[in-house]
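Student: Sequence below, structure please.
(chains A and B)
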Amino acid sequence: MADLMDLTKTYHETIRARLEKTGLSPSQLEVHKRILELAATSSDVNDLETKKEAEGLTFAISKTLSIDNWMVKAKAAKEAEDMVAAKMFADTAEAAKKATDNASLGAAIEEASTKGMEALREQEDIRNTFLDAVSAIFDYRNVHGGYLDKKRKFADNLKIHDTKLKSKGKSIAELSKVSTFRQSVPITDEQWQTVLKLYEEMQSPTVDPEAQAKLTEEVNAAKQALSGKSDEMKAVTEHINAKGTRMAYLGIAPKDAPGPYTFEKIWEGGCDE
Amino acid sequence: MNDQVAQMVSGFKLPYETYKGMLTPEEFAPLEAVYSEMMEIAEKHDDFMAFNDAAMKANIFVRISEEIEKARQIYETKPKEERKTPSAQSFIAQYKALYDQALAAPHTYKTREVYEKLLPMGEGAETPLEVVAAAEQENLFHKIGAMGVYDTYKLDYDKTDPNEELLRNYRTDVMRICEESLTNDEMTYRIDMRVFEHNRENNRDNFIIHLIANLVGCFLDIELTKSWIRIGKLEYLAGLIAVREEAKSTYKVLVDEYGLDWDKAMTIPRYKKRFVMQAAILPETTRVFHAMAPENLEWMKEMLFEEILSDMSAAEMALRKPKNVFHPLTLDEHSVKYGIGDKLKVHAQEVLKDYYWFKPSF
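Tutor: All right, here's what the predicted structure looks like:
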């Protein structure tokens, strides 16, 4: 039978070496180092167990497992500049540090992480609303200056998102300066200036008189050009309808590697279906 | 035994094996009795629903949960010196139960490999500590968790359209992290970093996809307004001119600000897909989708370069006889009338039937 004391030392030494190598689990490392110190002066495993119990090291193993894991999550969030997530994870680690036994450890983590998850959900909701608002501004940006109805439509869209942000005490201008939000949209500093300018304009959209005049001019010119051309237009319609059957396809991705899609025709009907 | 049934009952095997090694035969007898009853029901019913009905009728899940809780209390209220230390074999039996659970899930092959290294370590061992120390040398306890994550991401990777490169690369990276990591904390830290990066990439990509969707929407609007104009509804002229301007502006943003012109978009399959995709068909995979006629890509290209970006007037647009005509989309009403949705699902399932992860349901 293998010597239990040797096995115990081998076990903790193996873990110690691994934790030291990764450098991401300092609390656990301390516990395993301490157990190895105690093992060096223990007569047998029972003696070691007694010493471990006296210093609370058995519980410390599970407690530090939790602390270190929440701390690495906080580290990752901080490096990704997501400060809400970083705080939530760090707070949960702090709560774990205060636990005195397995039951209080479980309860502390449950309480802190539940509260933290609410903050994270709220942040995700804000992020999604912010992204929707910026998209609405881009939609508005591309609208014809003389097309007031469509400008209003996108301005109304923005208003929905903006109102939601304001109800949470946030604004697009403020969020655009926060790294985690700013990084969520592929927009340069120059584009941001345009976005913020358009945001102001969208508060009460107006028609661009020059664009509107040009639109009216183009419409009138088109009406004139199409006058008496109904047969020609009918012929175009017939040309399109003769070939333009309504179709449904199944798009199929390539099997293993990126490449072209294949398309399988599932149904075809007339153009007037 | 039916796979689903096996998976359901295997969840109770771990506590069963755990307390079997830690309680006296008398203390263990009530849990053993309910467990045996559950296994008998499982063996008798090859259909999951039938098993579930029989199990519910016997109130088996509540009863076994109660017995597990009682077993836990018996063990925990014993004085420390009276607590039975499990043998190496009963310690390994707990992992055998988890291995059996993994066997019931076909995608967990990496996890199973770890258990297959761990289980023989129980042979000849006299104490759990011998097994634990040997397993720790091979880092098997970390690998059990890490390969569980690996297998889950691999399954998602396999289900994902290979052209969805952002997603596939993210999943490949997570799988690599699982294989390379030495500790749970290292794995957590590196995966979390990758998750943050992926979320950023994904949000940014969705922004560009939104612009593509707007451009496609403009193509469809232009075609529709032209068709109204051709039948004499000239009040649509303003709409045609405005939407053409919107299309031009959207395309200009894609080209000038995101470097994505038509030719480039057509070389990036996941963007090309967005020009023709109508809807997903099956919730579990993006490998198949409902598409409009792929011929419409030529129609879009022609409209973009011949009409939208040219100096052509609105009247000339309405009068132009296109080389590539538009093939209208099938909408909900067509799906209902001609059963297109069902046809798509049947064909999709035929295409996917050989993938190990796919279970036909239609």
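Student: alpha carbons only for contacts and neighbour counts from here, please
Tutor: Will do.
Student: Helix or strand: which one has residue A:194?
Tutor: helix A:189-201 (DSSP states H and E).
Student: can you check residue B:278 too?
Tutor: strand B:277-280.
Student: List the strands paired with that strand, with their directions.
Tutor: Paired neighbours of strand B:277-280 in the sheet (DSSP bridges): strand B:288-291 (antiparallel).
Student: got a list of contacts for the strand it pairs with?
Tutor: A:248-253, B:161, B:276-282, B:344, B:348 (CA atoms under 8 Å, 6 or more residues apart in numbering or on different chains).
Student: Quick one: buried ones out of the residues you listed?
Tutor: A:248-253, B:161, B:276-278, B:281, B:344, B:348 (16 or more other CA atoms under 10 Å in any protein chain shown).
Student: Apart from its chain neighbours, what residue comes closest to residue B:118?
Tutor: Sequence neighbours aside, residue B:135 is the residue nearest to residue B:118 in space, at 6.5 Å (criterion: CA to CA, 6 or more residues apart in numbering or on different chains).
Student: Assess the claim that that neighbour and residue B:144 are in contact.
Tutor: No. In this structure residue B:135 lies outside contact range of residue B:144 using CA atoms under 8 Å: 10.7 Å.
Student: Widest-spaced pair of the buried ones among the contacts of strand B:288-291?
Tutor: Spatially, the most separated pair among the buried ones among the contacts of strand B:288-291 is A:248 and B:161, at 19.9 Å (CA to CA).
Student: can I assume residue B:9 is in contact with residue B:40?
Tutor: No. Between residue B:9 and residue B:40 there is no contact under CA under 8 Å: 10.9 Å.
Student: Output the residue of the stretch 1-150 of chain B whose distance to chain A is smallest.
Tutor: residue B:133 (4.8 Å; CA to the nearest CA).
Student: That residue - that's part of a strand, no?
Tutor: No. With DSSP: H, G, I helix; E, B strand; the rest coil as the criterion, residue B:133 is helix rather than part of a strand.
Student: Now for it: which residues touch it?
Tutor: A:7-8, A:10-11.
Student: Mind doing that once more with 10 Å?
Tutor: Residue B:133 is in contact with A:4, A:6-15, B:139, counting by CA atoms under 10 Å, 6 or more residues apart in numbering or on different chains.
Student: what's the answer for residue B:101, then?
Tutor: By CA under 10 Å, 6+ apart, the neighbours of residue B:101 are B:3, B:6-14, B:95, B:108, B:112.
Student: let's see it at 6 Å
Tutor: Residue B:101 makes contacts with B:7, B:10, as judged by CA atoms under 6 Å, 6 or more residues apart in numbering or on different chains.
Student: and it, helix, strand or coil?
Tutor: Under three-state DSSP, residue B:101 comes out as helix.
Student: go on, the one 4 residues further on?
Tutor: Per three-state DSSP, the local secondary structure of residue B:105 is coil.
Student: Test for you: state the pLDDT assigned to the residue nearest to it when sequence neighbours are not counted.
Tutor: Nearest residue to residue B:105, sequence neighbours excluded (CA to CA, 6+ apart): residue B:7, at 7.7 Å. pLDDT recorded at residue B:7 is 74.
Student: Now for residue B:7, how many residues are close by?
Tutor: 17 (other CA atoms under 10 Å in any protein chain shown).
Student: Show me what from chain B comes close to chain A.
Tutor: Proximity of chain B to chain A (CA under 6 Å from any CA of the partner chain) is limited to residues B:133, B:161-163, B:185, B:189, B:193, B:200, B:203-204, B:230, B:237-238, B:242, B:245-246, B:249-250, B:287-293, B:314-315, B:319, B:321, B:325-328, B:330.
Student: what's the helix-or-strand element of chain B with minimal mean pLDDT packed up against?
Tutor: Every helix and strand in chain B was compared by mean pLDDT, DSSP states H and E; the lowest is helix B:3-20, with a mean of 82. Helix B:3-20 makes packing contacts with helix B:88-103 when contacts are defined by 3 or more CA pairs under 6 Å, 6 or more residues apart in numbering or on different chains; DSSP states H and E.
Student: And the chain, what are its domain boundaries?
Tutor: Just going to use chain A. Following automatic domain parsing, one finds the domains of chain A at A:4-117, A:125-201.
Student: you looked at the wrong chain, it should be chain B
Tutor: According to automatic domain parsing, the domains of chain B span B:3-163, B:204-276+B:293-325.
Student: would a markdown table of the ones you listed with distance to residue A:216 be doable?
Tutor: A markdown table is the format used below for the domains of chain B (distance: least, CA to CA, whole Å):
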| stretch | distance to residue A:216 |
| --- | --- |
| domain B:3-163 | 45 |
| domain B:204-276+B:293-325 | 8 |
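Student: Mean pLDDT lowest where, among the ones you listed?
Tutor: Looking at the domains of chain B, the bottom one is domain B:3-163 with a mean of 89.
Student: before we move on, the earlier item: just want the angle from whichever helix or strand comes after the least confident helix or strand of chain B to helix B:3-20.
Tutor: Sequence order places helix B:25-44 as the next helix or strand after helix B:3-20, per DSSP H and E. Counting by axes from the mean of the first three to the mean of the last three CA atoms, to 10 degrees, helix B:25-44 lies at 170 degrees to helix B:3-20.
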